[in-house]
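> Sharing a model prediction with you, sequence too.
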Amino acid sequence: MIEIKIGDCMKMHKKMLLGSLLAVTALSLTACGSNSSSSDKSTLNWMESAEITSLDPSKASDYTSIDQLNNTYTGLYRLGNHAKPYKAIATKAKQSADGKTWTFDLRHNAKWSNGQTVTAKDFVYSWRRTVKPSTGAQYSYLFSGIKNADAITSGKQPASSLGIKAIGKYKLQVQLDKRIPYFKLLLAFPVFAPQNQQAVKKYGSRYGTASKYQVYNGPFIHKGWTGANLSWHLSPNKYYWNKKKVHLKTINFSVQKTASTAYNLYQSGKLDGTVLNKQSVQDLKGKSGYTDRPMADTQFIELNTKNNPALRNLKIRQALSMAINRQAITKTVGAANEPATTFTPTGLTEVKGKDYTDLVTDKQTKDVTSYQPKKAKKLFKEGQSELGKSKLSLNLVSFDGDDAKHTAEAIQSQLEENLPGLSVRVQSIPIKSALSRGENGNFDLLIDDWIADFADPISFLDLYTTSNSNNYGKWDNAQYNQLISDSRNTASDSKRFNDLAQAEKILLDNVGTIPIYHANNAWMVRTNVKGVVYNSAGAAHDFQFAYKK
């Protein structure tokens, strides 16, 4: 969603997939924080659980930023209910028999918020900018499979060689190296939206760092975000091609990192919807307005295997995983979260009538992700002996939202209690700072959160390939990399999912990551809010058709 990362009730790092459909509902949620009460039918008040990090489509990677771009940008497709992509800027799409050439006709009435026409060249410019290494786009790997994308991102070819070209003003052609089963889902993701070259050049290094340093081609324009503040709003884009379907005049956003505060705002009429904490779920479940919201979300621990020699020891990593009581943490955090025994969440993808994760789960993966304090203690001692150390100190970085902080504190307590000789120092910091720490490798352990960018396991498993920019701990396994590569190069869906499942087993068995829980959200939503399209993968919220009854 996007990389997500979100610390509190949602995330997207995003640090979104094919297969079975994710639960998607035209629900209504809201945020807080303006002077407008919930009785104003032209205004929606909505909450986010973390701040924006960027409004640059090439550089945004967290849940909140992707969510904002989804409502201020429009690509060739948008996502409707049940994660079904529908044509947006594209009016016609033609695919060659081998699946490698796509030709799109573009609508002639799409415009930017500065009044300029959206053309095929805007897509060419945007995609080239994102894959160009100097841009530093964390999502550039999503372009893998488009002709020459891998060679470009690795610095071996110029961005101009990317398999995309404008055929006139309103026709776009894309060449793929291989069939991409989830290609339409990718095209609905904001990273694949067009960009206005004139705006990029005009704003330079400030582009996307505040609302005013950007132009938009989506249903809304962004206002009031200065680059660091925790509130902003959206207004209708008067140049939007589908503006007759946009009903709301204002959407007020504010960041609410504490669920109890958000619920108080909801009760006082300043929020149209609020995420609930554990106690509120117990009190409100079944009451009018209570809404369970499934998410394709995994909260996990990144281990810095590059910079910390102790974490390169398999027994140390296994001990850390087995010393964590996921069930207890899930109960502490509450809501509808589920303990994680796989990296890919359940309910994301269906393979021959069964959940994809059934292909992954076996005795070994269950063993390494289960709570076994005695075995963890033994492995830790053996690892210490191999390292020649009697004591080990680790810093644990987390986001500063309620759930993330509670999770970090619980993990700290469990690790120190179950692994004598280990001390853990928790640092809970704003998401932007935490992501920067991750990108720079300035951590030992990092509690991270990822929401699928599209409905397919590859959205999760791509993260741990060696060259992926979201692989903060730099875990490296040649067999894993090969299986992920094989999954991309087969025309057989069955083999593809088997390759992915085998790769995920390697990731889990070797503790390349430590999954903690799969996050789902529970909300109270005012019953008069209608038409918000929600998807558990991809950019979650689409307010284009939202209204208040």
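Structure's in. What do you need?
> Endpoint to endpoint, stretch 322-338 covers what distance?
Between the opening and closing residues of stretch 322-338 we find a distance of 17 Å, counting by CA to CA, to the nearest Å.
> Check which residues of that stretch are buried.
Of the residues in stretch 322-338, those scored as buried under the neighbour-count criterion (16 or more other CB atoms under 10 Å) are 322-326, 329-330, 333-337. C-beta coordinates here come from the backbone N, C-alpha and C atoms, glycine included.
> can you tell me the average pLDDT over that stretch?
In this model, stretch 322-338 has a mean pLDDT of 87.
> what do you get for stretch 108-121?
Averaged across stretch 108-121, pLDDT comes to 98.
> Report the backbone C-alpha coordinates of that stretch in CSV.
Extracted as CSV, the C-alpha positions of stretch 108-121 are listed here (Å, rounded to 0.1, in the frame of the first residue of the first chain):
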residue,chain,number,x,y,z
HIS,A,108,-8.9,13.1,-24.3
ASN,A,109,-10.6,15.0,-21.4
ALA,A,110,-8.1,14.1,-18.6
LYS,A,111,-6.4,17.2,-17.2
TRP,A,112,-3.9,18.2,-14.5
SER,A,113,-5.0,20.6,-11.7
ASN,A,114,-3.0,23.3,-13.6
GLY,A,115,-5.3,22.9,-16.6
GLN,A,116,-2.8,21.0,-18.8
THR,A,117,-3.9,17.9,-20.7
VAL,A,118,-2.7,14.5,-19.4
THR,A,119,-1.0,12.8,-22.4
ALA,A,120,0.8,9.5,-23.1
LYS,A,121,4.1,11.3,-22.6
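> Numbering from 37 from now on, please.
New numbering, starting at 37: the last item is stretch 144-157.
> Show me the contact partners of it.
Contact with stretch 144-157 is made by 110, 125, 142, 202-208, 230, 232-235, 251-253, 257, 273-277, as judged by CB atoms under 8 Å, 6 or more residues apart in numbering.
> Now, these that are in helices?
Per DSSP state H, helices hold the following members of the contacts of stretch 144-157: 233-235.
> Turn those into JSON lines, including neighbour count, distance to Tyr508 and pLDDT.
As requested, the ones in helices among the contacts of stretch 144-157 are arranged in JSON lines below (neighbours: other CB atoms under 10 Å; distance: CB to CB, whole Å; pLDDT from 0 to 100):
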{"residue": "Gln233", "neighbour count": "14", "distance to Tyr508": "31", "pLDDT": "98"}
{"residue": "Gln234", "neighbour count": "14", "distance to Tyr508": "35", "pLDDT": "97"}
{"residue": "Ala235", "neighbour count": "18", "distance to Tyr508": "31", "pLDDT": "98"}
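> how about these in CSV, adding distance to Glu445?
Listed next are the ones in helices among the contacts of stretch 144-157 as CSV, based on distance: CB to CB, whole Å:
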residue, distance to Glu445
Gln233, 47
Gln234, 48
Ala235, 43
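> I'd say Leu212 and Trp138 touch.
Yes - here Leu212 reaches Trp138: they are 7.4 Å apart, a contact under CB atoms under 8 Å.
> Pull up the overlap in contacts between these two.
With contacts taken as CB under 8 Å, 6+ apart, Leu212 and Trp138 have Phe219 as neighbours in common.
> between these two, which one's more packed in?
Trp138 (23 against 19; other CB atoms under 10 Å).
> Give the bridge partners for that one, please.
Gln131, Val210 (DSSP bridges).
> List the contacts of it.
Contacts here follow CB under 8 Å, 6+ apart; on that basis Trp138 touches 129-132, 209-210, 212, 219.
> Return the entry from these with the maximum number of neighbours.
Val210 leads those on contacts (other CB under 10 Å) with 24 neighbours.
> wouldn't Lys584 be in contact with Gly567 here?
No - because the distance of 9.2 Å does not satisfy CB under 8 Å, Lys584 is recorded as not touching Gly567.
> which residues of this protein score low on pLDDT?
Judged by pLDDT under 70, the chain has its weakly predicted residues at 37-75, 370-371, 574-575.
> Apply 50 and report the result again.
37-71 (pLDDT under 50).
> is it true that Thr366 lies in a helix?
Yes - going by DSSP: H, G, I helix; E, B strand; the rest coil, the assignment for Thr366 places it inside a helix.
> Pro194 - how many residues pack around it?
Neighbourhood size, Pro194 [other CB under 10 Å]: 12.
> nope, His118 is what I meant
Neighbourhood size, His118 [other CB under 10 Å]: 14.
> tell me the secondary structure for it?
When the structure is reduced to helix, strand and coil (three-state DSSP), His118 reads as helix.
> May I have the distance across stretch 463-479, first residue to last?
Across stretch 463-479, the terminal residues are separated by 10 Å (CA to CA).
> Pull the residues that contact it.
For stretch 463-479, contacts defined as CB under 8 Å, 6+ apart pick out 39, 41-43, 49, 51, 86-87, 89, 97-98, 100, 174, 338, 340, 342-343, 431-437, 440-441, 444, 482, 484, 505, 508-510.
> Thr382 contacts Thr393, doesn't it?
Yes - look at Thr382 against Thr393 with CB under 8 Å: they come within range, at 5.1 Å.
> next helix or strand past whichever strand or helix holds Ile287?
Per DSSP states H and E, Ile287 falls inside strand 286-291. Of the helices and strands lying after strand 286-291 in sequence (DSSP H and E), the nearest is helix 295-303.
> Which neighbouring elements make contact with that following helix?
Helix 295-303 sits against strand 309-311, helix 314-320, with contacts defined as 3 or more CB pairs under 8 Å, 6 or more residues apart in numbering; DSSP states H and E.
> mind checking how far the first one is from the chain centre?
Distance, stretch centre to chain centre, for strand 309-311: 20 Å (CA atoms, centre = their mean, to the nearest Å).
> cool, stretch 271-286 as well?
Averaged over its C-alpha atoms, stretch 271-286 has a centre that lies 26 Å from its chain's centre (CA atoms, centre = their mean).
> Stretch 433-440 now?
Average the C-alpha atoms of stretch 433-440, do the same for its chain, and the two points are 16 Å apart (CA atoms, centre = their mean).
> how long is it end to end?
10 Å.
> That stretch: which residues count as buried?
Buried, per 16+ other CB under 10 Å, within stretch 433-440: 433-440.
> Identify those among the residues you listed that sit within helices.
Taking DSSP H as the definition of helices, those contribute 438-440.
> Going by distance to Val462, which of those wins?
The shortest distance between Val462 and any of those, using CB to CB, involves Ala440 and amounts to 10.2 Å.
> Can I get the buried part of the contacts of stretch 144-157 as one PyMOL selection?
Buried residues within the contacts of stretch 144-157, by 16+ other CB under 10 Å, are selected in PyMOL with:
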select buried, resi 110+125+142+202+206+208+230+232+235+251+252+253+257+273+275+276+277
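> among the contacts of stretch 144-157, which are in strands?
Applying DSSP state E to these, the entries found in strands are 142, 202, 207-208, 257.
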